[in-house]
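Have a look at this prediction, sequence included:
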Amino acid sequence: MRDAVTIVSEDSVLEVERWASGWLGAAWSTAGLGEREPEQMFHLEVVGRASTRPSPHGLAAVAALRRVAAPGEWSMLDGTLEILSESQPVPQWLEAAAFTPVRAWRALDVWDSEHVLFVEFAGQTPHTLMAQISLAGGVLVDKLAVLQPGAAETWDRLREPGEVPMTAVECRSKPCWRNWPTRCGPQT
């Protein structure tokens, strides 16, 4: 919770979301084998701590998690934010609009064992989210990165000459890239 002090006065909504995403990633990394809901457990832990000892950084932690949480978690986080905001100052980024996905690309290797998805977002800080996904033996997100807008267009040039070709193709249908990697076929 002490680490949330760094986001209380943060100006960049993107940095706030990166902070929250990093903590959610840590929750997944430290989860026991077979744990199916480490994010939910992490949210409960943060809400419990923030509610027990109200502070500006506790409210900021809950608000940051709310920005990246799954819809099923919103009710608990919103209720906590409502209570905490009665006694604590709210961060300036609390009401900032969510980033809007505007374009997406995908690249697949010839064996269909590695997929790379790029989703470009508009908003306060335009950016591209890149997910590198391995499908050999299950679904594993190997890498998540926040890149500059237009990163997908440079993907092909950045590949090493000996690497398997993986041309990034723009997805034309939003349902395709919102349901990645399970419902994105060659026709989209």
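On my side now, so go ahead.

Helices of this structure, residue ranges please.
Assigned by DSSP state H, the chain shows helices spanning 5-8, 13-30, 38-52, 56-68, 74-84, 151-158, 174-178.

Would you format those helices as a markdown table with distance to Ala98 included?
Every residue, glycine included, has its C-beta placed from N, CA and C. Listed next are those as a markdown table, based on distance: least, Cβ to Cβ, whole Å:
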| stretch | distance to Ala98 |
| --- | --- |
| helix 5-8 | 17 |
| helix 13-30 | 9 |
| helix 38-52 | 18 |
| helix 56-68 | 7 |
| helix 74-84 | 12 |
| helix 151-158 | 20 |
| helix 174-178 | 14 |
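
so who does the residue lying closest to His43 once chain neighbours are set aside touch?
The shortest distance from His43 to any non-neighbouring residue, by Cβ to Cβ, 6 or more residues apart in numbering, is to Glu73 (5.3 Å). Shown in contact with Glu73 (Cβ atoms under 8 Å, 6 or more residues apart in numbering): 39-40, 43, 65-66.

wait, doesn't His115 sit right on Ile133?
Yes - assessed by Cβ atoms under 8 Å, His115 is found in contact with Ile133 at 4.6 Å.

Just give me the neighbour total for the closest residue to Leu65 other than its chain neighbours.
Spatial nearest neighbour of Leu65, chain neighbours left out: Ala20 (5.1 Å); criterion: Cβ to Cβ, 6+ apart. By the measure other Cβ atoms under 10 Å, the count of residues near Ala20 is 23.

Report pLDDT for Ala20.
Listed pLDDT for Ala20 reads 95.

again with Lys174
pLDDT for Lys174: 60.

And the nearest residue to Val8 once chain neighbours are set aside, how close does it get to Ala4?
Nearest non-adjacent residue to Val8, counting by Cβ to Cβ, 6+ apart: Ala60, 4.7 Å away. Using Cβ to Cβ, to the nearest Å, Ala60 is found at 5 Å from Ala4.
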